[in-house]
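Colleague: Next come a sequence and a model predicted from it.
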Amino acid sequence: MHSDLQFRINAVDRTLSSALQNKIDHKTKPLGALGRLEQLALQLGLIQHSLTPRLHRPHILVCAGDHGAAKAGVSAYPQEVTWQMVENFLAGGAAINVLARQAGISLVVADAGVNHGFGPRDGLLDAKVAPGTANYLEGAAMSAQQCATALQRGATVARDLAASGCNVLGLGEMGIGNTAAASLLTHCVTGLPLNACIGRGTGLDDAGLARKRELLARALAHWRDRDEEALHILARFGGFEIAMLTGAMLAGAEAGITLVIDGFIVTSALLIAHRIHPAVLDYCVFAHCSEEAGHRGQLDYLKAKPLLDLGLRLGEGTGAALAYPLLKAACAFLDEMASFESAGVSNRE
C-alpha cells in the first residue's frame with residue numbers, strides 16, 4: 001500500500017489572516033475577550049477563505065465496524081452490542097441521535113464492517129467491507145486491499161456530502177473493541193508507551209484492564225515485521241470503521257470541509273490521516289478531551305486544543321454534536337457583532 005490514495009490536500013491559505021484578525025479585534029469588546037471563540041472564528045474564516053464564514057448542511061458521519069479481537073476479551077461488552085447499537089441509531093434512540101437533533105445536524109450512519117446482516121435499510125449506508133476484521137492477536141486485522149477499500153468508501157461519503165453543499169462534518173464511530181484498536185494505533189504513531197494509551201473503554205474493571213493490557217502487548221509483540229508506514233499500521237490493528245473515518249477526513253479536507261473531531265477513536269483515525277497528509281490538521285476542530293486514557297496524549301502529539309472538557313467517553317460523535325453550537329457562535333459573532341466604528345463606541349485608543 002502507498003500513502004498517496006489520490007488525496008490532494010492543500011494547506012489552508014493564510015492570506016486573509018490579518019484581515020480576519022483585524023475584523024475580530026475591532027468588534028465591540030476588549031482585545032481577545034471572546035477567547036477560544038476568536039481563534040475558532042479565525043480558523044473557520046481561513047478554511048473558507050472568507051471574512052464571513054458560513055456553516056452549511058452540517059452532518060455527522062458515524063461509522064460502525066466489528067473487531068476480530070473483541071471476542072478475546074478486550075471489551076466489557078459482547079460484540080453483538082455493535083449491531084444492536086446500529087439498530088438504536090436507526091431507530092433514533094441513541095445519544096448521538098438526540099444531540100444531533102438538538103443541534104440541527106443531519107446524521108449519516110454507515111456500516112463499514114459490522115458482523116451482522118442488516119439488509120437494505122432506510123438511513124443506513126451500506127459500506128461493509130467484510131463482517132468484521134480479522135483478529136490482530138493472530139495477524140493483520142485487514143488486508144491491504146480491504147484497508148484501501150474502507151478508505152475509499154469513507155472518501156466517497158465525504159465527497160458526496162461536499163457535492164451536496166455540506167461544509168462541516170462531525171465524525172463518530174461505533175464498534176465493540178475499538179478503543180483497543182485505537183490504543184494500538186496511537187502507540188504505533190505517537191510512540192507513547194502502550195499502557196499510557198490503554199484505558200477502560202466501555203467500563204472494564206481492574207482485572208479487565210489488566211487483561212486488555214496483556215492482550216495488546218501480545219498483539220504488538222506478534223507484529224514482527226513492524227514498520228512506520230501509516231497504512232501498514234492501520235491495516236495491522238485498525239477497524240473498518242476507523243479506516244473509513246480516515247478516508248472521510250482526507251477527502252473532506254481535500255474538499256475544504258471543516259472536520260469536527262470527536263474523541264479517542266476518531267482521533268486515532270486522524271493520527272493515521274495526519275501521517276499520510278499533515279495538512280489535514282488545518283481543517284480540524286477538536287471538539288473535546290475525552291476521559292479515555294490516551295486521548296490527552298493524542299491531542300498533545302497533534303498540538304491540538306479541544307473546545308470542551310466534559311468528562312465524555314461515549315463516542316458516537318457526541319462530542320462533535322455538543323461542540324457544533326460553538327462553531328455557529330464563532331461565525332455569528334464575526335458576522336453580526338458590531339464594530340467600534342459601526343456602533344459609535346469609543347475604542348481604547
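Modeller: Structure's in. What do you need?
Colleague: doesn't residue 148 fall inside a strand?
Modeller: No. Residue assignment for residue 148, taken from DSSP: H, G, I helix; E, B strand; the rest coil, gives helix, which places it outside any strand.
Colleague: That one and residue 155, how far apart?
Modeller: From residue 148 over to residue 155 the distance is 10 Å, taken as CB to CB, to the nearest Å. Every residue, glycine included, has its C-beta placed from N, CA and C.
Colleague: do residue 248 as well
Modeller: Counting by CB to CB, the gap between residue 248 and residue 155 amounts to 7 Å.
Colleague: which of those two has more neighbours?
Modeller: Legend: neighbour count by other CB atoms under 10 Å for residue 248 and residue 155, higher for residue 248 (29 against 23).
Colleague: For the more buried one, give me its contacts.
Modeller: With CB atoms under 8 Å, 6 or more residues apart in numbering as the criterion, the residues that contact residue 248 are 61, 63, 154-155, 157-158, 169, 171.
Colleague: any idea how far it lies from residue 338?
Modeller: 38 Å.
Colleague: Next: residue 285.
Modeller: Per CB to CB, residue 285 is found 26 Å from residue 338.
Colleague: Please identify which of those two sits among more neighbours.
Modeller: Neighbours per residue (other CB under 10 Å) separate residue 285 from residue 338, with residue 285 holding more: 24 against 13.
Colleague: What residue, apart from its backbone neighbours, is nearest residue 11 spatially?
Modeller: What sits nearest to residue 11 in space, not counting adjacent residues and going by CB to CB, 6 or more residues apart in numbering, is residue 279, at 4.5 Å.
Colleague: Residue 253 is in contact with the one you found, correct?
Modeller: Yes. The pair residue 279 and residue 253 passes the contact test of CB atoms under 8 Å, sitting 7.0 Å apart.
Colleague: between those two, what contacts are shared?
Modeller: When contacts are counted by CB under 8 Å, 6+ apart, residue 279 and residue 253 are jointly contacted by residue 9.
Colleague: out of the two, which sits in the busier spot?
Modeller: Regarding residue 279 and residue 253, a neighbour count based on other CB under 10 Å identifies residue 253 as having more, with 28 against 16.
Colleague: wait, what's in contact with the more buried one?
Modeller: 7, 9, 259, 273, 277, 279-280, 282-284.
Colleague: May I ask which two of those are separated the most?
Modeller: Farthest pair in the contacts of residue 253 (CB to CB) is 7 and 284. Separation: 14.8 Å.
Colleague: So for those two, which sits in the more crowded spot?
Modeller: Set residue 7 next to residue 284 and count neighbours by other CB under 10 Å: residue 284 wins out with 23 against 19.
Colleague: where along this structure do the helices fall?
Modeller: Per DSSP state H, the chain has helices spanning 17-25, 36-48, 80-91, 95-103, 144-163, 178-190, 206-222, 230-237, 240-254, 264-276, 295-301, 318-336, 340-343. These are given in chain order.
Colleague: Contacts for the fifth one next, please.
Modeller: Surrounding helix 144-163, the residues in contact under the criterion CB under 8 Å, 6+ apart are 1, 5, 7, 57, 59, 61, 63, 108, 110, 112-113, 125, 127, 129-130, 133, 142, 169, 231, 234-235, 238, 240, 243-252, 255-257.
Colleague: Just the buried subset of those, please.
Modeller: With neighbours counted using 16 or more other CB atoms under 10 Å, the contacts of helix 144-163 contain these buried positions: 1, 5, 7, 59, 61, 63, 108, 110, 112-113, 125, 127, 129-130, 133, 142, 169, 231, 234-235, 238, 240, 243-252, 255, 257.
Colleague: re the thing from before, what sits against the residue nearest to residue 11?
Modeller: 9-12, 253.
Colleague: 7 Å - rerun?
Modeller: Taking CB atoms under 7 Å, 6 or more residues apart in numbering as the contact definition, residue 279 lies against 9-11.
Colleague: From these, pick the one nearest residue 194.
Modeller: Within the set of the contacts of residue 279, residue 9 lies nearest residue 194; the separation is 29.9 Å, counting by CB to CB.
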